[in-house]
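1. Coordinates for the following, if possible.
(3 chains)
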Amino acid sequence: MPYHTPIPGEDALTDVSFTNGLTDSQKKAVAHKDGPLLVLAGPGSGKTRVITCRVAALVRAGVRPWNICAITFTNKAADEMRRRVESMQIPSGAHISTFHSLCVRLLRRYAQAAGIRADFSIYDEDDQKHLLRQVLKSADVDAERFPPARLLGGISRCKNDLEDHVAVAARADDYYTKALAKAYRLYQQALDANNALDFDDLLLRTAFLLRDRPEVRRELGEKFRYLLVDEYQDTNHAQYEIARGLALDHGNLCVTGDPDQSIYRWRGADIGNILAFERDWPNAVVIRLEENFRSRPQILALADELIANNRRRKQKKLIPTRPDAGRIEFHTARDESDEACFVAEQIRRLIGQGATAGDIAVFYRINAMSRAIEEAFITRQIPYQVVRGVEFYARKEIRDVLGYLRLIANPKDDVAFARAVNSHSQGIGKTTLERLAIYAGDHNISLDQAAREARNIPAIAAAAQQKLAAFAALIEKFRRAAEGPVAPFIKTVFEESGYARSLEDGTAKDDNAVENVGELISAAAEYDKTAESPSLLDWLQEIALYSDTDAYDAESGRVSLMTLHAAKGLEFGSVFIIGLEEGILPHERARDGTDDLEEERRLCFVGITRARDNLTITRARYRTIRGQFLATIPSQFLFELGRSEQDDGGWQDDGEEQQDAEEPDEPIAAHRRRSAPVFRVNDVVRHGIFGRGRVKQYLDLGDDSVVTVRFDSGQTKSLALKYAKLEKAKI
DNA sequence: AAAACATACATTTTT
DNA sequence: TGTATGTTTT
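-> A predicted model of the protein is given here:
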């Protein structure tokens, strides 16, 4: 019996009021197409709507919902898509999730084929760091000389490229890579021993599963007959292989994306994946969506002016469809608190004029920049929400409780053991733990197992032996009770472990600690309600992929504060982007390397194109960075947006400070040593690599002076005189 | 073994 | 600036 009466695709699309500028044949392709489909779409063009409409159209054409799989990058995007699909009044059941959630699901189901156990722990950055440090300490490696964070970054990159440690070792021909390969091997062995996967493993294992087990691949191809991937420009190699593997047997792969909005290169995203889609799938139908239904024409013009500076990109138009209106404003503030005051005042004015707080957002490059804004909002009683990464799950008390729970769910999880035993404190300290680790290592067993055998470890004092054994027994007792709903179980563990008591008495470092654990329990209760058969393991694996960014509430009626990364996919009537300064946007770590710089530019582009009507861009002359009050240099992006230094008149100034570039404008410069040459604005200079250029701005900081030069090649660079060999050119 | 203290250190963006 | 580790004291 047919699941649903087939309806011609066009009708299905009309049905769901899909009227945003597609030609009839494009609509038909979106609704009907068996085979690969590439949607290249600019910001505000209804890209995600194409996906939801395709899902709806497929279902109406008789495809069973559970044969459709749509993949997004963030939980937030998945939720949004689920919401939209449900509102289309079609039978639900389509699988909509992030890459990582999908991988967890597949790896649990096909654990055996993937060569792992289904009850694995998922390690986040903190866990990874802990584990790597542990491993390097006990295995005296030359890799110890490199900072763990750097090694983890290197390992992550390898995993994203689907390289295992053997492959890395094989290509290692320099000191660092050799050390990396060794660290990778040891780290991976430790992960295996702990029955744990890190975020990258989730992708890598799934990609390998699809590659090495054709029967699994075929089975999944049968299950997910239609595959859709949103934000395809942000796929890394592993994700690319997963999408390809899942679609290999039927070719029904629809991807959407915008190369100009690729902002996750640092996480291994390869913009080449979307640029080469037509090569990978030669019969792909390509749809371009260039009309923008979101922003005012001036805003689009500004965005276009900026992004045109990127070389590695496909030319694309931003075609406005809305009439002229709205406002663009630039502002230079004195310092970050002055900047925050300005933003807050502007927002107050907007609200006074009838704007809704929920339709206003402030974007910044790094999370730390939210602070000044928050302070200004608090004094002015402007309601706001900060959309922040991790945060809640990074809290000490939350991690401690999760330590217990993870250890209960996965006895091999030594990282969880260390955390739990540490929070349990009372009598088990560093030394004991160290001795226990040595014993466990010698006998090739987990810390949990070693603790049970504590009485047989002569190196450990009798009293400590007792306590370890008691701890192991306690965990074992919990383990036997870990069935069924999660929330009551967490409560039991929290109280009976004695951790609740230790939070309440004495060391009240954080008076909200107990409350926070309560919140965790509520979250678990929520899970218990929705899950069909709740289990601790399932819940742990779910929340491991959860970040507070997902907690963004579109209906909160409050001003949203978030990073530019978190802003992707959202839109607001009025947008403020703060901190357009060299070293912040673009971030200092992206200053060398054009690819990195182009990514920063895309980030700025994403921010600008979030705005529907009003856009305000600000910078501060001074900013406190890591506790130091420093003079700043305007972002080169400001030049590209047509705001040159001389033309500062375009900036609305607070008037407190005169802006004479030649005048050393604060005591900072006065006592600096000087050995570097002095330049003036408009001096013609010569650089060994970039050639001839003209000084646009000179910041006098003695030896640390920075000079901004627009070179004849057209590019603008900010150079530290100390490093850049810059000389005055003759004429 | 725990607490108090000192010192180094890194410090983007997210799953 | 804050964290996170290492060192000394109790």
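2. excluding its backbone neighbours, what's nearest residue A:373?
-> In space, and not counting its chain neighbours, residue A:373 is closest to residue A:340: 4.8 Å by Cβ to Cβ, 6 or more residues apart in numbering. C-betas here are computed from N, CA, C, even on glycine.
3. and that neighbour, how far is that from residue A:331?
-> According to Cβ to Cβ, to the nearest Å, residue A:340 stands 12 Å off from residue A:331.
4. Between the two, point out the one with more neighbours.
-> residue A:340 (26 against 21; other Cβ atoms under 10 Å).
5. Can you check what pLDDT the model gives the nearest residue to residue A:318 once chain neighbours are set aside?
-> Of all residues not flanking residue A:318 in the chain, residue A:300 sits nearest, at 4.4 Å (Cβ to Cβ, 6+ apart). We have a pLDDT of 94 for residue A:300.
6. Double-check that the residue nearest to residue A:373 belongs to a helix.
-> Yes: under DSSP: H, G, I helix; E, B strand; the rest coil, residue A:340 falls within a helix.
7. Check the gap between it and residue A:614 for me.
-> Distance from residue A:340 to residue A:614, by Cβ to Cβ: 18 Å.
8. got it, and residue A:365?
-> Distance from residue A:365 to residue A:614, by Cβ to Cβ: 20 Å.
9. What values do phi and psi take at whichever residue of the stretch 601-731 of chain A sits closest to DNA strand C?
-> The stretch 601-731 of chain A approaches DNA strand C most closely through residue A:627 (3.0 Å), counting by Cβ to the nearest atom of the strand. Dihedral pair for residue A:627: phi 80, psi 0, per degrees, to the nearest 10.
10. same deal with the one 4 residues further on?
-> Torsion angles at residue A:631 (phi, psi; degrees, to the nearest 10) stand at phi -70, psi 150.
11. per-residue confidence for it?
-> In this model, residue A:631 is scored at 88, pLDDT.
12. Can you tell me the closest non-neighbouring residue to it?
-> Counting by Cβ to Cβ, 6+ apart, residue A:631 lies nearest to residue A:622, which is 5.6 Å off, once chain neighbours are set aside.
13. Just give me the neighbour total for the one you found.
-> Considering only other Cβ under 10 Å, residue A:622 is surrounded by 20 other residues.
14. again with residue A:472
-> 21.
15. And for residue A:351?
-> Counted with other Cβ under 10 Å, residue A:351 comes out at 17.
16. quick one: contacts for it?
-> A:357, A:360, A:382 (Cβ atoms under 8 Å, 6 or more residues apart in numbering).
17. swap in residue A:292?
-> Here residue A:292 is in contact with A:42-45, A:300, A:318-322, A:609 (Cβ under 8 Å, 6+ apart).
18. and it, how far is that from residue A:637?
-> 20 Å.
19. where does residue A:581 land on pLDDT?
-> pLDDT for residue A:581: 92.
20. I figured it was touching residue A:618, is that so?
-> No: shown here, residue A:581 and residue A:618 do not form a contact pair, counting by Cβ atoms under 8 Å, at 9.8 Å.
21. Ignoring the adjacent residues along the chain, who's closest to the residue nearest in space to the middle of chain A?
-> Nearest to the mean C-alpha position of chain A, by Cα atoms, centre = their mean, lies residue A:565 at 6.7 Å. Leaving aside its sequence neighbours, residue A:565 sits nearest to residue A:263 (Cβ to Cβ, 6+ apart; 6.0 Å).
22. how close does the one residue in the stretch 201-350 of chain A that gets nearest to DNA strand C get to residue A:218?
-> DNA strand C sits closest to residue A:336 of the stretch 201-350 of chain A, with a gap of 11.7 Å, by Cβ to the nearest atom of the strand. Noted for residue A:336: a distance of 57 Å to residue A:218, by Cβ to Cβ.
23. Neighbour count: the two, which is higher?
-> Neighbours per residue (other Cβ under 10 Å) separate residue A:336 from residue A:218, with residue A:336 holding more: 24 against 12.
24. Hmm, that one is touching residue A:370, no?
-> No: using Cβ under 8 Å as the test, residue A:336 is too far from residue A:370 to be in contact (10.8 Å).
25. which residues sit in contact with the residue nearest to residue A:631?
-> A:334-336, A:629-632, A:666 are the contacts of residue A:622 under Cβ under 8 Å, 6+ apart.
26. Show me which of those is closest to DNA strand B.
-> Nearest member of those to DNA strand B, counting by Cβ to the nearest atom of the strand, is residue A:630, at 11.9 Å.
27. Shouldn't residue A:331 be within a strand?
-> Yes: checked against three-state DSSP, residue A:331 lies within a strand.
28. confidence score at it?
-> Residue A:331 is given a pLDDT of 94.
29. wait, isn't it in contact with residue A:621?
-> No: counting by Cβ under 8 Å, residue A:331 does not reach residue A:621; the two are 11.4 Å apart.
30. Would it be right to say that residue A:362 lies in a strand?
-> Yes: assessed by three-state DSSP, residue A:362 belongs to a strand.
31. can you tell me how far the nearest residue to it once chain neighbours are set aside sits from DNA strand C?
-> Once flanking residues are discounted, residue A:362 sits nearest to residue A:576: 4.5 Å by Cβ to Cβ, 6+ apart. Applying Cβ to the nearest atom of the strand, to the nearest Å, the value for residue A:576 to DNA strand C is 23 Å.
32. hmm, back to that, and the closest residue to the residue of the stretch 201-350 of chain A closest to DNA strand C other than its chain neighbours, what does it touch?
-> On the basis of Cβ to Cβ, 6+ apart, the spatially nearest residue to residue A:336 that is not a chain neighbour turns out to be residue A:372, at 4.3 Å. Contact analysis of residue A:372 by Cβ under 8 Å, 6+ apart lists A:336-337, A:339-340.
33. What of residue A:528?
-> A:485-487, A:534.
34. Which secondary structure element is home to residue A:59?
-> Element membership of residue A:59, judged by DSSP states H and E, is helix A:47-60.
35. residue of the stretch 401-550 of chain A with the smallest distance to DNA strand B?
-> Distances between the stretch 401-550 of chain A and DNA strand B by Cβ to the nearest atom of the strand are smallest at residue A:429, namely 2.3 Å.
36. Now the stretch 401-550 of chain A against DNA strand C: closest residue?
-> Closest point on the stretch 401-550 of chain A to DNA strand C, by Cβ to the nearest atom of the strand, is residue A:430, at 8.3 Å.
37. buried ones in whichever strand or helix holds the residue nearest to residue A:336?
-> According to DSSP H and E, residue A:372 maps onto helix A:370-380. For helix A:370-380, a neighbour-count test (16 or more other Cβ atoms under 10 Å) marks A:370-374, A:376-377 as buried.
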